[in-house]
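Engineer: sequence first, then the predicted structure, then my questions.
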Amino acid sequence: MPLPPAVRQGPGPVPKRGTADAPGRRRPAGRLSLPGGSVSLIEVRDLVVNFHTRWERRRGTKPNAVDGVSFTLRPDETLAIVGESGSGKTTVARCVVGLQARQKGAVLFDGAPVGPVAKRPPATRRAIQMVFQDPAASLNPRMTVRSIIAETWRTHPSAAPDGRSWDAAIHELLADVGLDADVATRRATALSGGQCQRVSIARALALRPRLLVCDEAVSALDVSVQSQILRLLTGLRAARGLAILFITHDLGVVRQIADRVAVMHQGRLVETATADDLFERPGHPYTRKLLDAALDLEGA
Ligand SMILES: Nc1ncnc2c1ncn2[C@@H]1O[C@H](COP(=O)(O)OP(=O)(O)OP(=O)(O)O)[C@@H](O)[C@H]1O
């Protein structure tokens, strides 16, 4: 039995059905105004994704991995998507980045529909960068950190530093993520998990993105390093005017980083609220269950 959507939003007035965060209404493509007059950086509209085999499609009994998900993300906010394992969070994130095909729905960037990453204009590809769960695995072990960052500029020459040396720009990026300049000459295999994740973030920042999609980006790190990386992301967001879409199953992480939270359950988005509202007044029974489970874990 599908759960009914309970959509709330703040700060500002509760949106009526049909505003950018309310499900169920289709709008023509174009720039999208949110309540409060700002424009959405990302709008995901009625997204449906499944991994059915032909046989499963014919039987029509297996649920979709993502089933009619809609949300918006403002250019300067951090939206966390939270939910238990298998609820569809990563699939939504991969659709936003263009790494996952969809059966239905749309992803709009700056008001314009965007498709698979290979078909996106270079400027859009640059603007949306992803930081993955396993920092060591997402860095080529045979390359130095310098080469890893320089490679992004070879792929996207328009993002390469202008009028100064690449080494100087790489050292500046490393400083921005809290790493010493000598890390540039090391390989990922000679770095800690936290250092690798900082390098992954520096690599993403090298392309001057407008959106960072972080998929369980701190799950593989121990708790103290998690907090450092979350503080780093919060600082970078403010300094660089970034939006962050943060995928996590961990409500403790949500509390540290998110402005707003979207809760997914069995492929559906069941509640969207400000982080404060969600923790103080969870609106949906599934959200309450998640919060209770997190409290039980804390108390254990
Ligand atoms: N490539 C794939 N092929 C087949 N099924 C897939 C594939 N990717 C995801 N799924 C299925 O889609 C559903 C949603 O998966 P997804 O990875 O998006 O969930 P998630 O909430 O991110 O879970 P987790 O927190 O464990 O990563 C799951 O049932 C999963 O088994």
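Structural biologist: Everything's here; your move. Residues are numbered from 1 along each chain as shown.
Engineer: do stretch 252-261 and the ligand meet?
Structural biologist: No. Stretch 252-261 is not in contact with the ligand by Cβ under 6 Å from any ligand atom; minimum separation 12.4 Å. C-beta here means a position set from N, CA and C on the backbone, and glycine is covered the same way.
Engineer: residues making contact with that stretch?
Structural biologist: 9-10, 77-82, 218, 226-227, 230, 233-234, 244, 246, 248, 271-275, 278-279, 294 (Cβ atoms under 8 Å, 6 or more residues apart in numbering).
Engineer: and the strands in the chain?
Structural biologist: 6-7, 42-49, 66-73, 78-82, 104-109, 112-113, 128-131, 211-215, 243-248, 260-265, 268-274 (DSSP state E).
Engineer: mind listing what the residue lying closest to Gly105 once chain neighbours are set aside touches?
Structural biologist: In space, Gly105 comes closest to Leu47 once its chain neighbours are excluded; the distance is 3.7 Å by Cβ to Cβ, 6 or more residues apart in numbering. Residues in contact with Leu47 (Cβ under 8 Å, 6+ apart) are 66, 68-70, 92, 95, 102, 104-107.
Engineer: Leu47 and Glu216, how far apart?
Structural biologist: To Glu216, Leu47 is 19 Å away according to Cβ to Cβ, to the nearest Å.
Engineer: over to Leu233?
Structural biologist: From Leu233 across to Glu216, the span is 13 Å (Cβ to Cβ).
Engineer: weed out the non-buried ones from the contacts of Leu47.
Structural biologist: Those of the contacts of Leu47 that meet the buried threshold are 66, 68-70, 92, 95, 102, 105-107, by 16 or more other Cβ atoms under 10 Å.
Engineer: so where's the chain shaky on pLDDT?
Structural biologist: Applying pLDDT under 70 to the chain flags the ranges 1-38, 297, 299-300.
Engineer: contact residues of it facing the ligand?
Structural biologist: Residues of the chain lying near the ligand (Cβ under 6 Å from any ligand atom): 51, 65, 83, 85-91, 249.
Engineer: contacting residues for the residue in the stretch 201-300 of the chain that the ligand sits nearest to?
Structural biologist: At 5.0 Å from the ligand, His249 is the closest residue in the stretch 201-300 of the chain, using Cβ to the nearest ligand atom. Shown in contact with His249 (Cβ under 8 Å, 6+ apart): 82-85, 89, 216, 219.
Engineer: just the helices in the stretch 201-300 of the chain please.
Structural biologist: Along the stretch 201-300 of the chain, counting by DSSP state H, counting those that start in this stretch, helices occupy 223-240, 251-257, 275-280, 285-299.
Engineer: which other helices and strands contact the longest one?
Structural biologist: Applying 3 or more Cβ pairs under 8 Å, 6 or more residues apart in numbering; DSSP states H and E, one finds that helix 223-240 makes contact with strand 78-82, helix 193-205, strand 211-215, strand 243-248, helix 251-257.
Engineer: same deal with the last one?
Structural biologist: When contacts are defined as 3+ Cβ pairs under 8 Å, 6+ apart, helix 285-299 sits against helix 251-257, strand 260-265, strand 268-274.
Engineer: of those, which stretch is the most buried?
Structural biologist: Highest mean neighbour count of these: strand 260-265, a mean of 26 (counted as mean count of other Cβ atoms under 10 Å).
Engineer: give me the angle between that one and strand 78-82.
Structural biologist: On the basis of axes from the mean of the first three to the mean of the last three Cα atoms, to 10 degrees, strand 260-265 is oriented at 20 degrees to strand 78-82.
Engineer: alpha carbons of strand 260-265, as PDB, please.
Structural biologist: The C-alpha coordinates for strand 260-265 follow below in PDB (Å, rounded to 0.1, in the frame of the first residue of the first chain):
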ATOM      1  CA  ARG A 260      15.800  20.800   4.400                       C
ATOM      2  CA  VAL A 261      15.200  17.100   4.400                       C
ATOM      3  CA  ALA A 262      13.300  14.800   2.000                       C
ATOM      4  CA  VAL A 263      12.400  11.500   3.400                       C
ATOM      5  CA  MET A 264      12.100   8.500   1.000                       C
ATOM      6  CA  HIS A 265      10.400   5.200   1.700                       C
END
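Engineer: mind listing what that strand pairs with, with the direction of each?
Structural biologist: Strand 260-265 sits in its sheet next to strand 78-82 (parallel), strand 268-274 (antiparallel), going by DSSP bridges.
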